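Student: Any chance you could fold what I've pasted below:
(chains A and B)
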Protein chains: 2
Amino acid sequence: MSRVSLTKRPRAVVLLSGGLDSATCLAIARQEGFETFGISFSYGQRHAGELRAAGRVAAALGARTHRVVPVGLGALARSALTDSLDVPKHARVEELGDEIPLTYVPARNTVFLSLALAWAETLGTGDIFIGVNARDYSGYPDCRPEFIAAYQRMANLAIKAAVEGTWPVRIHTPLIALSKAEIIRRGLELGVDYSLTHSCYDPGPGEVACGCCDACLLRLRGFAELGVPDPIPYQTL
Amino acid sequence: MSRVSLTKRPRAVVLLSGGLDSATCLAIARQEGFETFGISFSYGQRHAGELRAAGRVAAALGARTHRVVPVGLGALARSALTDSLDVPKHARVEELGDEIPLTYVPARNTVFLSLALAWAETLGTGDIFIGVNARDYSGYPDCRPEFIAAYQRMANLAIKAAVEGTWPVRIHTPLIALSKAEIIRRGLELGVDYSLTHSCYDPGPGEVACGCCDACLLRLRGFAELGVPDPIPYQTL
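Tutor: As a prediction, the model looks like this:
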């Protein structure tokens, strides 16, 4: 009797940044019936707090495992997230511009998806979840649907399993068209504990969020629109 | 007078494995007028000899700099090149099959090109050279022209400079249609010293090439077809 294999859940690799979006994405992957494998990257970001948050989120949401992969991206890429450029601060969310900000890290999602792809093939799956969002996002080119579609096409030509027809690569982006408030509502329905997450680009002592970087402002607006308090503390509030 | 900028060479990132193909690729990039920036990856491969070879090649062929980037690919990917699987050996080159071999590393060129893309954007260029070859190669899916074309399309949607129209990403594959003998002939014309290169998947003491892995057999056949001696020593010859 092959009862074990009949009840076995399909596997998915889920990219975890420690933030609100990827936590919600993990909860959605689990709800869709996947056995989840969390992956995060130590790439020279200024704050290790996000990696700790990713580990907390993976454990709380039942990921089978969580890997932190070292990758020397920070040394190749000049960005306010990886070196001494100042993280831009704003008093209000309306001040966020349309241009690509200083916190942009060249090719970041391309690099992260590629390492997730390698792990997925080793795990015997082509399903990869990434919490990119093209609505309430920070203007990064590698968060747009056309980038994700092109990445998936490329990936299906890149790996042995896809080329041999064993399984296709599918890049799942369940948050791509949602507003931040819609993401939070979905996550709360699925039991995500947002007090475990870390979004701030420039936290102070004790990893307390600054409240005025792009990531904090978008997060705060999402909770405000939903009429729900954000469970994490802020320096400026 | 802007004499300096008028005479400034365009920049290109060149992927260097330490092997024969990437050394030839670097020589071609230089001949085409590029100021070259060599990049190699410490990814858990079993032999550091190839990274030393990449450094020798970069220096000998006038690369402006050579970066070795750590990336935790080996821990994610099961392959005869990164863990304890035996490297396949053959007595003759005719024994090489058409199937993808055990030395395949999942998503390797995808990961490497993505890190090269990040560095290229930081350096202010979209030109990347990779010495992939779809003729005398080892059957890897990520060495084929359709993979490279899909990668370039994706990359032009991934990075800020390409999306804003500042410069396009161009993945140069000058070796893709050449036989190994043609690659070696081209390299010799350009002054490549192949005694500096390292191709073997499973070298013995003193980094002496085995002479019977896929990489050694293809290399030896290339020199033999050209009627030129391979300048490196082999254990089995």
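
Student: Would you confirm that residue A:225 contacts residue A:182?
Tutor: No: Residue A:225 is not in contact with residue A:182 according to CB atoms under 8 Å; the separation is 9.0 Å. For the C-beta atoms, the positions are set from N, CA and C on the backbone; glycine is no exception.

Student: how about the strands in chain A?
Tutor: Per DSSP state E, chain A carries strands over the ranges A:11-15, A:35-42, A:65-70, A:127-129, A:170-172.

Student: tell me how far the last one is from the chain's mean position?
Tutor: Right, strand A:170-172. The chain centroid and the centroid of strand A:170-172 are separated by 14 Å, computed with CA atoms, centre = their mean, to the nearest Å.

Student: for the first one, same thing?
Tutor: Distance of strand A:11-15 from its chain centroid, counting by CA atoms, centre = their mean, is 11 Å.

Student: what angle separates that strand from strand A:65-70?
Tutor: 50 degrees (axes from the mean of the first three to the mean of the last three CA atoms, to 10 degrees).

Student: same question for strand A:11-15, mean pLDDT?
Tutor: The predicted model gives strand A:11-15 an average pLDDT of 98.

Student: Out of residue A:225 and residue A:182, name the residue with the larger neighbour count.
Tutor: Each of residue A:225 and residue A:182 has its neighbours counted (other CB atoms under 10 Å in any protein chain shown); residue A:182 has more, 18 against 15.

Student: Could you measure from the more buried one over to chain B?
Tutor: With distances taken as CB to the nearest CB, to the nearest Å, residue A:182 is found 25 Å from chain B.

Student: ok, now how distant is that residue from residue A:18?
Tutor: 21 Å (CB to CB, to the nearest Å).

Student: can you check residue A:170 too?
Tutor: 24 Å.

Student: Next: residue A:149.
Tutor: Separation of residue A:149 from residue A:18 (CB to CB): 26 Å.

Student: Between the two, which has more neighbouring residues?
Tutor: Set residue A:149 next to residue A:18 and count neighbours by other CB under 10 Å: residue A:18 wins out with 24 against 14.

Student: What residues sit buried inside stretch A:153-171?
Tutor: By neighbour count on 16 or more other CB atoms under 10 Å in any protein chain shown, the buried set for stretch A:153-171 is A:153-163, A:167, A:169-171.

Student: do the same with stretch A:49-61
Tutor: A:49, A:50, A:51, A:52, A:53, A:54, A:55, A:56, A:57, A:58, A:60, A:61.

Student: and which of those is nearest to chain B?
Tutor: residue A:51 (13.4 Å; CB to the nearest CB).

Student: Would you agree the closest one is in contact with residue A:67?
Tutor: No: the criterion here is CB under 8 Å, and residue A:51 misses it with residue A:67 at 11.0 Å.

Student: Give me the common contacts of these two.
Tutor: residue A:40 (CB atoms under 8 Å, 6 or more residues apart in numbering or on different chains).

Student: returning to what we had before: between the strands of chain A, which gets nearest to chain B?
Tutor: Nearest of the strands of chain A (CB to the nearest CB): strand A:65-70, 4.2 Å.

Student: now for the closest one, which elements pack on it?
Tutor: strand A:35-42, helix A:49-60 (3 or more CB pairs under 8 Å, 6 or more residues apart in numbering or on different chains; DSSP states H and E).

Student: partner strands of it, parallel or antiparallel?
Tutor: strand A:35-42 (parallel) (DSSP bridges).

Student: Now do the partner strand: distance to the chain's middle.
Tutor: 10 Å.

Student: Look at stretch A:161-172 and report the distance between its end residues.
Tutor: 18 Å (CA to CA, to the nearest Å).

Student: Also stretch A:196-208?
Tutor: End-to-end for stretch A:196-208, by CA to CA: 12 Å.

Student: tell me which residues of it are tucked away?
Tutor: In stretch A:196-208, counting by 16+ other CB under 10 Å, buried: A:196, A:197, A:198, A:199, A:200, A:201, A:202, A:203, A:207.
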